[in-house]
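Asker: Give me a 3D structure for the following:
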Amino acid sequence: MPRKKKVEEVVENVKKPTLNDFEVIVRPVITEKTMNLMQTQNKATFEVSKDANKIQIKKAIEKIFKVEVTKVAISNVIAKQTTRGSRYKGIISGYKKAIVTIKDGEAIDLFKD
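Answerer: Predicted structure coming up:
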């Protein structure tokens, strides 16, 4: 019995691993709507890790792109079932999306030369 109790105490005291900045941000989401948001409202959209929170996303964006983030909004995009013709069925996997508002006067250049 005592051995089991010690193992449980050790497991509780172990810290959770943290995500690296490049593990937090998976890729930018580039569509007509996100490009319009980028030009008019100074917002960028990224696909992020499902484990990431707003604070981790903000720090990662600020470190990678060297801009000041004023607001982060998160939404979960649900998985969708698709059909190709009448025979082939598939699933478009879901992901977590972050819309990041950047301070006025700064910009993120996703299409560097």
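Asker: Low-confidence ranges, this structure, go.
Answerer: Where the chain drops to pLDDT under 70, the residues are 1-18, 113.
Asker: got the contact list for stretch 61-78?
Answerer: 21-22, 25, 44, 46, 48, 54, 57-58, 94-103, 106-108 (CB atoms under 8 Å, 6 or more residues apart in numbering). Glycine gets a C-beta too; all of them are placed from N, C-alpha and C.
Asker: Which of those are buried? Put it as a PyMOL command.
Answerer: The following PyMOL line selects those of the contacts of stretch 61-78 that are buried, judged by 16 or more other CB atoms under 10 Å:
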select buried, resi 25+44+46+48+57+58+95+96+97+98+99+100+102+108
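Asker: Just the contacts of stretch 61-78: which are in helices?
Answerer: Counting by DSSP state H, those place 21-22, 54, 57-58 in helices.
Asker: Just flag the most distant two among these.
Answerer: The most widely separated members of the ones in helices among the contacts of stretch 61-78, counting by CB to CB, are F22 and K54 (17.7 Å).
Asker: Tell me which residue is most central in this structure.
Answerer: V48 (1.6 Å; CA atoms, centre = their mean).
Asker: show me what contacts the closest residue in space to that one that isn't next to it in sequence?
Answerer: Using CB to CB, 6 or more residues apart in numbering and skipping the chain neighbours, the partner closest in space to V48 is A98 (4.8 Å). Neighbouring residues of A98 by CB under 8 Å, 6+ apart: 45-48, 52, 54, 57, 72-74.
Asker: now A98: how far from E62?
Answerer: Distance from A98 to E62, counting by CB to CB, to the nearest Å: 13 Å.
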